[in-house]
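Colleague: sequence unavailable; structure follows:
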């Protein structure tokens, strides 16, 4: 698969075009239209996800699904910082984003992929990128049976079944890392397993042995992946690391024993500032610890919203300045929300959905005001009117 000069020029001139509309137009003679449309669509998807690759005109990209499932540049670089040594193997190479960034920490890297087309593209792209990576067209299982031991192994099982539906259980992914884990640990002292953010972390820890760390990775306030690190002989407690990449928020590290033993500080009411933990912390279940690590109080044991009278600049999440708050009743629209026509609405530990609440309050979608519906520790249902705190705007 090669881009001739005419096709490459067509791609260059139409990088921001609407692909379905472009498909209906006549292209210059000599243009490989099918290839060009696929490359334009791929580059549009990758512009924010992997800008370094999207900007390289000589790289070639596969079908939409591989683009959708690949790591972002930020997440791949983060994983690269978790592994080091001399020899490394990526058992589920795919588009090769993770392979490329992690390989920069190793002397020898194997890219393993069962799909021939992806292997052909990987050989082309790694050559363009001057990455010293050996491409092997075989299954992860076959490779593991014959390969020499490695310092580190990475595996990102496919999260769709044969009908294209997303899966959230380890045993439903391909390959099934739970059944391969003994062999994985035989072949490498350190194994990094990338799993879906939809996965139940507790259930995964029941299925996987010798897990030392779970990295819950959010990118720009969206939880993107769970990275489980297994070490061959590790027997201790699992350490959780929550990060929110592409923000100024600090990472938070803890164990479940620390979370369980923490005492939740509950607020008597809503104070001057309101805090919402970032998605990585929410996914990891780090709730009680936040009142121990930061000078904040929880509104209710199950609300997962926090408050304080003093602005906590380094809180790992969104920070809002409270305008006012009131009990949720029939009068709240004509009093607290009388001048609010548009707002971003969120519900936390509240009996109504966002859609139901919008309908009741007659509030359209908007982002100037932020309305939270939640419950206080005395079980009182309330509405909180807020706006983004100045420090939060600057951080994001």
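Modeller: Right, received. Where do you want to start? Please read these numbers as outputs of a predicted model, since none were measured by experiment.

Colleague: show me the strands in the stretch 51-200 of the chain, by range?
Modeller: Counting by DSSP state E, counting those that start in this stretch, the stretch 51-200 of the chain has these strands, from start to end: 87-90, 108-113, 133-137, 150-155, 188-195.

Colleague: turn the ones you listed into TSV, including distance to residue 39.
Modeller: Glycine gets a C-beta too; all of them are placed from N, C-alpha and C. Formatted as TSV, the strands of the stretch 51-200 of the chain follow (distance: least, Cβ to Cβ, whole Å):
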stretch	distance to residue 39
strand 87-90	24
strand 108-113	20
strand 133-137	20
strand 150-155	27
strand 188-195	26
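
Colleague: residue 70: which of the ones you listed is closest?
Modeller: Nearest of those to residue 70, taken as Cβ to Cβ: strand 188-195 at 10.6 Å.

Colleague: so what does that closest one touch, helix or strand wise?
Modeller: Contacting strand 188-195 under the criterion 3 or more Cβ pairs under 8 Å, 6 or more residues apart in numbering; DSSP states H and E are the following elements: strand 150-155, helix 177-187, strand 222-231.

Colleague: if we can go back for a sec, turn the strands of the stretch 51-200 of the chain into TSV, columns for mean pLDDT and distance to residue 225.
Modeller: Below are the strands of the stretch 51-200 of the chain laid out as TSV (pLDDT from 0 to 100; distance: least, Cβ to Cβ, whole Å):
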stretch	mean pLDDT	distance to residue 225
strand 87-90	98	15
strand 108-113	98	19
strand 133-137	98	22
strand 150-155	98	12
strand 188-195	96	5
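
Colleague: okay, those strands in TSV with distance to residue 309 and mean neighbour count next?
Modeller: Formatted as TSV, the strands of the stretch 51-200 of the chain follow (distance: least, Cβ to Cβ, whole Å; neighbours: other Cβ atoms under 10 Å):
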stretch	distance to residue 309	mean neighbour count
strand 87-90	49	25
strand 108-113	52	23
strand 133-137	54	19
strand 150-155	46	24
strand 188-195	40	23
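
Colleague: stretch 319-336: which residues count as buried?
Modeller: 319, 320, 321, 322, 325, 328, 332, 336 (16 or more other Cβ atoms under 10 Å).

Colleague: list the contacts of the spatially most central residue of the chain.
Modeller: Nearest residue to the geometric centre of the chain (Cα atoms, centre = their mean): residue 224, 1.1 Å. Residues near residue 224 by Cβ atoms under 8 Å, 6 or more residues apart in numbering: 71, 72, 75, 197, 217, 218.

Colleague: out of those, list just those in helices.
Modeller: Judged by DSSP state H, the contacts of residue 224 include residue 75 as members of helices.

Colleague: low-confidence regions, the stretch 151-300 of the chain specifically.
Modeller: In the predicted model of the stretch 151-300 of the chain, residues 160-168 satisfy pLDDT under 70.

Colleague: would you map the helices across it?
Modeller: With DSSP state H, counting those that start in this stretch as the criterion, the stretch 151-300 of the chain has helices at 177-187, 201-207, 256-261, 279-284, 288-293.

Colleague: related to what we said a few turns ago, just send the contacts of residue 224 back as TSV, with distance to residue 185 and neighbour count too.
Modeller: Formatted as TSV, those follow (distance: Cβ to Cβ, whole Å; neighbours: other Cβ atoms under 10 Å):
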residue	distance to residue 185	neighbour count
71	23	25
72	28	22
75	24	26
197	24	17
217	23	27
218	28	25
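
Colleague: now flag whichever of the contacts of residue 224 is closest to residue 87.
Modeller: Closest to residue 87, out of all of those and judged by Cβ to Cβ, is residue 71, at 21.1 Å.

Colleague: please produce a markdown table containing the helices and strands packed on strand 188-195, extended by distance to residue 386.
Modeller: Formatted as a markdown table, these follow (distance: least, Cβ to Cβ, whole Å):
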| stretch | distance to residue 386 |
| --- | --- |
| strand 150-155 | 41 |
| helix 177-187 | 42 |
| strand 222-231 | 21 |
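
Colleague: just name the most buried of these.
Modeller: Most buried of these by mean neighbour count (mean count of other Cβ atoms under 10 Å) is strand 150-155; its value is a mean of 24.

Colleague: in stretch 23-32, what counts as buried?
Modeller: 27, 31, 32.

Colleague: let me fix that, I meant to ask about stretch 123-130.
Modeller: 123, 124, 125, 126, 129.

Colleague: please apply the same query to stretch 308-321.
Modeller: Neighbour-count burial for stretch 308-321, counted by 16+ other Cβ under 10 Å, picks out 308, 312, 315, 316, 317, 318, 319, 320, 321.

Colleague: what about it, distance to the chain center?
Modeller: 23 Å (Cα atoms, centre = their mean, to the nearest Å).

Colleague: which residues are contacting that stretch?
Modeller: 221, 242, 244, 249-252, 271-278, 281, 294-297, 306, 370, 372, 386-392, 396.

Colleague: now the end-to-end length of it.
Modeller: End-to-end distance of stretch 308-321 (Cα to Cα, to the nearest Å): 10 Å.
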